[in-house]
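Undergrad: Starting from these lines, generate the structure:
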Amino acid sequence: MSDKESSTLKSYVDSATGAAQSALGSLTGNTENQAKGEANKDKAASEKDASNTIGKIGPYAVSSSGGISSDDPRRTEGSYNQTVGSAKEMVGNAFGAEGLKKEGQQQNAEGKGMEAEGQLADYGSGMKDRVQGTVGGMAAGVTGDREKQEKYQMQHDDGKTQLRSAEQDIQKQADA
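TA: Residues are numbered from 1 along each chain as shown. Next up, the predicted model:
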């Protein structure tokens, strides 16, 4: 991992280092050390935020580490079915068409289930790729195989992006 890449683990290490440096500065009365520790904690918080940041355009996600992922098709199809189901339900309510209203409610519920299945699949797949990329990268690092190390780093980054994309969508639904 280069210094230009964000890392959640690195942010935790930097935060702990900053906290220790700040506490030591406070105990010894060294305000310079205390200020440096606080600055390191702030930097760690920024690193953590960057590590968790992704951009989404439709079903595609890109992370700050360069990882790219595409949503499981069930996420897109489920979202579509929720939208269509909600529209049918609204029209059914407006015109007193109970059949259309019930059909919309059913399609909406099925869409929610389908989207959740896709999110779980993406979450699991992303986690698997992150772990395989990390373990494979460490093994390649021990053997000195830079080409495999880069391949595993890409697998890790793509998995992280897929994982963060699923997390972001799940959190949006929880907040709604």
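
Undergrad: Helices along this structure, start to end?
TA: 8-28, 31-51, 73-95, 98-143, 146-175 (DSSP state H).

Undergrad: Can you give me the separation between the closest residue to Thr53 other than its chain neighbours and Leu120?
TA: With C-beta to C-beta, 6 or more residues apart in numbering as the measure, Ser64 is the residue that lies nearest to Thr53, at 5.1 Å, once sequence neighbours are left out. Every C-beta, even on glycine, is put in place using the N, C-alpha and C of the backbone. Separation of Ser64 from Leu120 (C-beta to C-beta, to the nearest Å): 24 Å.

Undergrad: okay, these two: which has more neighbours?
TA: Ser64 (19 against 15; other C-beta atoms under 10 Å).

Undergrad: so where's the chain uncertain?
TA: Applying pLDDT under 70 to the chain flags the ranges 1-11, 44, 46-52.

Undergrad: if we go to 50?
TA: Along the chain, the parts satisfying pLDDT under 50 run over 1-6.

Undergrad: between the helices of the chain, which one is nearest to Ile57?
TA: helix 146-175 (11.2 Å; C-beta to C-beta).

Undergrad: Which secondary structure elements does the closest one sit against?
TA: Helices and strands touching helix 146-175, by 3 or more C-beta pairs under 8 Å, 6 or more residues apart in numbering; DSSP states H and E, are strand 54-57, strand 60-63, strand 68-70, helix 98-143.

Undergrad: For these, give me a markdown table that also has distance to Tyr152.
TA: Shown next, in a markdown table, are these (distance: least, C-beta to C-beta, whole Å):
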| stretch | distance to Tyr152 |
| --- | --- |
| strand 54-57 | 20 |
| strand 60-63 | 16 |
| strand 68-70 | 16 |
| helix 98-143 | 4 |
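
Undergrad: Out of the ones you listed, which is closest to Ala16?
TA: helix 98-143 (20.1 Å).

Undergrad: Helix 146-175 and that closest one, what's the angle between them?
TA: Helix 98-143 and helix 146-175 are oriented at 150 degrees to each other (axes from the mean of the first three to the mean of the last three C-alpha atoms, to 10 degrees).
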